[in-house]
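Novice: Need coordinates for the following:
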Amino acid sequence: MKRFFFPALGLLVAAGIVGGALYLNRGAHVVLRGEIRKVRTHEIDDKSSVAILDFRFANPADYPLLVRTVQLFLEPPAGAPPIEGAVVADIDAKRLLEALPELGPKYNDSLKVRDRIAPKTSDDRMVAARFEVPVTELNRRHRFRLRVEDVDGAVSELFEPER
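Specialist: Modelled structure (predicted):
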């Protein structure tokens, strides 16, 4: 019985040290959490369309996230490869929504490169992107996937709920 006591005690102490280290570093992982809440699509011409996504996110980390890239992907149905959209600048998104009133108003600011997302905060933002596919393909989608990369390399992805 004694020969099992000391190794078990050693394992228990090691598990406590590892658990404590993980607990103390819980806010060090910079990642955005959230979901795409509203999607608006519109035809530009026969072969291209635009998607406006409104989303809510939170940065639960103890450190800010500084956006390096923002990408929007269309995930078509039936496992086809994703299609990347060309993200529209904030000023162009404003003009786009003014030119196409059927899309509705611009509810939120666009998430853009060099945006600083403070630690322990949440916010609502939007992204607009042009896709070189007809609007019917956008409307048949499996879902949209928003990919945000931090300047330090951490990648976060937000998803539209599956349709």
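Novice: Now residue 154. Nearest residue, chain neighbours left out?
Specialist: residue 30 (4.8 Å; Cβ to Cβ, 6 or more residues apart in numbering). Every residue, glycine included, has its C-beta placed from N, CA and C.
Novice: Tell me how far that neighbour lies from residue 137.
Specialist: In this view, residue 30 and residue 137 are 34 Å apart by Cβ to Cβ, to the nearest Å.
Novice: quick one: which of those two has more around it?
Specialist: Neighbour count, other Cβ atoms under 10 Å: between residue 30 and residue 137, residue 30 has more, with 21 against 17.
Novice: Next up, the contacts around that one.
Specialist: Residues near residue 30 by Cβ atoms under 8 Å, 6 or more residues apart in numbering: 59, 61, 63-65, 150, 152, 154.
Novice: Which pair in those has the greatest spatial separation?
Specialist: Between any two of the contacts of residue 30, the greatest separation by Cβ to Cβ is 13.2 Å, found for 59 and 152.
Novice: if I look at residue 99, how far off is residue 70?
Specialist: Residue 99 is 22 Å from residue 70, by Cβ to Cβ.
Novice: who has more neighbours, the two?
Specialist: residue 70 (18 against 8).
Novice: residues contacting that one?
Specialist: By Cβ under 8 Å, 6+ apart, the neighbours of residue 70 are 87, 111-113, 127, 146-148.
Novice: what about dumping the CA coordinates of the helix or strand hosting it to CSV?
Specialist: Counting by DSSP states H and E, the element that carries residue 70 is strand 65-75. Coordinates of each C-alpha in strand 65-75 appear next as CSV, following Å, rounded to 0.1, in the frame of the first residue of the first chain:
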residue,chain,number,x,y,z
LEU,A,65,-7.0,42.3,-29.9
LEU,A,66,-5.6,44.3,-32.7
VAL,A,67,-7.1,43.3,-36.1
ARG,A,68,-4.7,42.4,-38.8
THR,A,69,-7.1,40.9,-41.3
VAL,A,70,-10.8,40.5,-41.8
GLN,A,71,-12.0,37.9,-44.3
LEU,A,72,-15.5,36.7,-45.1
PHE,A,73,-16.2,33.3,-46.7
LEU,A,74,-19.3,31.8,-48.2
GLU,A,75,-19.6,28.1,-47.5
